[in-house]
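Colleague: model this:
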Amino acid sequence: MSDTLIAGNSPGNTERTMPLIRYAEVLLNLAEAANESGNTALAMSTLKLIRKRAGIQAGTDGNYGYPAAPAQAEARDIIRNERFIELAFEEHRYFDLRRWRIGDQYDGKFTTGMRITKTGNTYTYQRINIRARYFKMNSYLFPIPQKELALNFKMLQNPGW
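Modeller: As a prediction, this is how the structure comes out:
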């Protein structure tokens, strides 16, 4: 019998492993693929499954806060935002920005935090800048190993490497 208090990454004996992918990510991948292939209706119904699993109320229109029939570009933005929310703190965002080739849009923008101040029984919230984001354009491509470049003198290194 395994100890239920042992963490999945502990050296102790356990029958659990660290999850590599969650069902929510599978659904997000399906929604993105469906939308990019022109099936926005399937994409939006897939997003609704994610919110339903999270216990979010469907609302009177049954759309879980989503527009009824968004255009493909609008659905793309919705899916990307849903990925940012659902996969927060799971180290997906940087790779999503690279894959979508929109990392440079965030360069120089600030990561923000929240300063919470308690005065008596009242709380005030103030958004504060933490640090500026930095995205290098060469991050869109991996460097070609020097060994491979030496094998073919006509091959050029990817820009910025």
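
Colleague: any idea how far the closest residue in space to Asn158 that isn't next to it in sequence is from Arg133?
Modeller: Take Asn158 and drop its neighbours on the chain: the residue closest to it by CB to CB, 6 or more residues apart in numbering is Leu141, 4.2 Å away. C-betas here are computed from N, CA, C, even on glycine. Note on Leu141: its distance to Arg133, by CB to CB, to the nearest Å, is 19 Å.

Colleague: Where does pLDDT dip in the chain?
Modeller: Residue ranges of the chain with pLDDT under 70: 1-17.

Colleague: 90 instead?
Modeller: Residue ranges of the chain with pLDDT under 90: 1-21, 89, 91, 94, 106-109, 111, 133-139.

Colleague: Quick one: the helices in it, in order.
Modeller: Taking DSSP state H, the helices of the chain run over residues 23-36, 40-53, 72-86, 93-100, 146-151.

Colleague: ok, residues contacting the second one?
Modeller: Residues from elsewhere that reach helix 40-53 (CB atoms under 8 Å, 6 or more residues apart in numbering): 23-24, 27-28, 30-32, 34-35, 58, 63-66, 69-72, 75, 78-79, 82, 86.

Colleague: Name the residues of that helix that are buried.
Modeller: Using 16 or more other CB atoms under 10 Å as the test for burial, helix 40-53 gives 40, 43-44, 46-48, 50-51.

Colleague: now that helix and helix 72-86, what's the angle there?
Modeller: Helix 40-53 runs at 20 degrees relative to helix 72-86, counting by axes from the mean of the first three to the mean of the last three CA atoms, to 10 degrees.

Colleague: same question, the first one
Modeller: For helix 23-36 against helix 72-86, the angle between stretch directions is 170 degrees (the same axes, to 10 degrees).

Colleague: which residues touch helix 23-36?
Modeller: 40, 42-44, 46-47, 49-50, 53, 72, 75-76, 79, 82-83, 86-87, 92.

Colleague: and what of the fourth one?
Modeller: Under the contact criterion CB under 8 Å, 6+ apart, helix 93-100 has outside partners 80, 83-84, 87, 103, 106, 135, 139-140.

Colleague: same check, this time on the shortest one
Modeller: Residues external to helix 146-151 that are found in contact with it (CB under 8 Å, 6+ apart): 155-157.

Colleague: Ranking by neighbours, what's the top pick from the residues you listed?
Modeller: Greatest neighbour count in the contacts of helix 146-151, by other CB atoms under 10 Å, goes to Gln157: 14 neighbours.
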